[in-house]
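Asks: Quick one, what's the 3D model for this:
(one chain, ligands or ions: 2)
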Amino acid sequence: MKILITGSEGAVGRCITPYLAKEHSVIATVYKEEFLNKYNNENIKELILDVESLENCINTIKDVDAVIHLAGIPYPDSSFDDVLNKNMIATYNILEACHINKIKRVIYPSSAYAVEGYPIDKQVETTDNVRPKNFYGVSKCFGEAICSYYGYELGLEIIALRIAAFNKVEIANKKLSVRDLSAYLSKRDLCHLIDRCLVSKMDKPFYILNAISDNTYKRLSLENTKSIIGYKPVDNAFVECDIDLKQ
Ligand SMILES: NC(=O)c1ccc[n+]([C@@H]2O[C@H](COP(=O)([O-])OP(=O)(O)OC[C@H]3O[C@@H](n4cnc5c(N)ncnc54)[C@H](O)[C@@H]3O)[C@@H](O)[C@H]2O)c1
Ligand SMILES: O=C(O)[C@H]1O[C@@H](O)[C@H](O)[C@@H](O)[C@@H]1O
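Replies: Ligands and ions are numbered 1, 2, ... in the order given. This next block holds a predicted model:
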């Protein structure tokens, strides 16, 4: 497959870009020139793409099978102004470019923050109403809604993954909060999950799926992720595990 990644220089992008390049041809787009030339890999082509420009998105996002849209702001304490351009308008730009250029599938990283307002002792299902706790979470609810629109009404195939505490390094020192332990997602579980999102046949044009490891207590239910796309997580933040946190 040919896959384009936005914000590939970020934490999630640095994990999945080299992984996907083992089997696929990857266009790793970055925000600025200083992030270019990080890979010496014939399966990875590096380009600049500012996702806040619709014109740039339309000109760059073409001739690929799938787009993984990671560019944006991942901070729960962001202001409305922060997320308006970088998360909300940028997500519109990506989906509009994908629609115009007939891209088949999009993977959108939503967040547990779309439902973080629920008490910590509730395990949240993807069928529960959204309940954001901050403007970052609001921007992810917007992202899920606009993905649903482009999926059901405009023909794209889109999976919104509610990623939570991805690869938190504090696990090594046992400093993670109960929330972060129960929402933990390891690198290898993320890579496997992205694989499943790319290859699984979709019987609806839009899914919201939870994205955590097989933690003993799960903040987010994994039933749908397992049954719909065959996700088989192997890590568990509550037990001693062999995750190499320095990678
Ligand atoms: N890391 C997590 O635990 C986590 C959890 C849930 C969801 N997510 C989501 O996954 C995505 C990636 O998260 P991350 O942790 O890799 O974040 P990150 O901040 O490490 O990476 C995001 C990248 O986007 C780039 N960027 C910012 N503005 C841009 C623009 N205008 N054009 C192009 N690129 C731009 C930044 O340079 C940055 O490297 C985000 O949407 C985040 O909300 C992450
Ligand atoms: O989007 C998210 O869920 C995550 O965003 C990251 O930036 C936070 O550090 C992490 O705690 C969140 O779980």
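Asks: neighbours around Asn37, how many?
Replies: 9 (other Cβ atoms under 10 Å). (Glycine included, C-beta is placed from N, CA and C.)
Asks: again, but for Asp235
Replies: When neighbours are counted by other Cβ under 10 Å, Asp235 registers 20.
Asks: Show me the helices in this protein, by range?
Replies: With DSSP state H as the criterion, the chain has helices at 11-20, 54-60, 80-83, 90-100, 135-152, 178-182, 187-199, 223-229.
Asks: Redo the ones you listed as TSV? Include mean neighbour count.
Replies: As requested, the helices of the chain are arranged in TSV below (neighbours: other Cβ atoms under 10 Å):
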stretch	mean neighbour count
helix 11-20	20
helix 54-60	17
helix 80-83	15
helix 90-100	22
helix 135-152	21
helix 178-182	18
helix 187-199	20
helix 223-229	17
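Asks: Residue numbers of the protein in contact with ligand 1?
Replies: Contact residues, the chain versus ligand 1 (Cβ under 6 Å from any ligand atom): 6-7, 9-13, 31, 49-52, 70-72, 74, 86, 109, 111, 163-166.
Asks: which of these come close to ligand 2?
Replies: Residues of those in contact with ligand 2 (Cβ under 6 Å from any ligand atom): 74, 111, 164-165.
Asks: Near ligand 2, which residues of the chain are found?
Replies: So the chain meets ligand 2 at 74-76, 111-113, 164-165, 180, 183 (Cβ under 6 Å from any ligand atom).
Asks: Indicate the residue of the protein located nearest to ligand 2.
Replies: Ser111 (3.3 Å; Cβ to the nearest ligand atom).
Asks: hmm, back to that, can you flag the buried ones in the ones next to ligand 2 among the residues of the chain next to ligand 1?
Replies: Neighbour counting by 16 or more other Cβ atoms under 10 Å classes 74, 111, 164-165 among those as buried.
Asks: so how far is the helix or strand of the chain with the lowest mean pLDDT from its chain's centroid?
Replies: Sorted by mean pLDDT, DSSP states H and E, the helices and strands of the chain end with helix 178-182, the least confident at a mean of 89. Centroid separation for helix 178-182 versus its chain: 19 Å, with Cα atoms, centre = their mean, to the nearest Å.
Asks: residue closest to the middle of the protein?
Replies: When Cα atoms, centre = their mean is applied to the chain, the residue found nearest the centroid is Pro109 (2.4 Å).
Asks: and the gap between it and Pro119?
Replies: 24 Å (Cβ to Cβ, to the nearest Å).
Asks: returning to what we had before: contact partners for the residue nearest to the centre of the chain?
Replies: 12, 69-70, 160-161, 163 (Cβ atoms under 8 Å, 6 or more residues apart in numbering).
Asks: at 6 Å what do you get?
Replies: Shown in contact with Pro109 (Cβ atoms under 6 Å, 6 or more residues apart in numbering): 70, 161, 163.
Asks: give me the beta-bridge partners of it?
Replies: Beta-bridge partners recorded for Pro109 (DSSP bridges): Leu161.
Asks: going forward, begin numbering at 399 instead of 1
Replies: Sure thing, new numbering starts at 399, so read that last one as Pro507.
Asks: Where does pLDDT dip in this protein?
Replies: Within the chain, the stretches with pLDDT under 70 are 569-572, 638-645.
Asks: can you rerun that using 80?
Replies: Applying pLDDT under 80 to the chain flags the ranges 566-573, 638-645.
Asks: Which single residue in it comes nearest to ligand 1?
Replies: For the chain, Cβ to the nearest ligand atom, closest residue to ligand 1: Gly408, 1.9 Å.
Asks: which residue packs closest to that residue, ignoring adjacent ones?
Replies: Leaving aside its sequence neighbours, Gly408 sits nearest to Leu468 (Cβ to Cβ, 6 or more residues apart in numbering; 5.7 Å).
Asks: Can you give me the neighbour number for the one you found?
Replies: Residues lying near Leu468 (other Cβ under 10 Å) number 24.
Asks: Fine, thanks again, bye for now.
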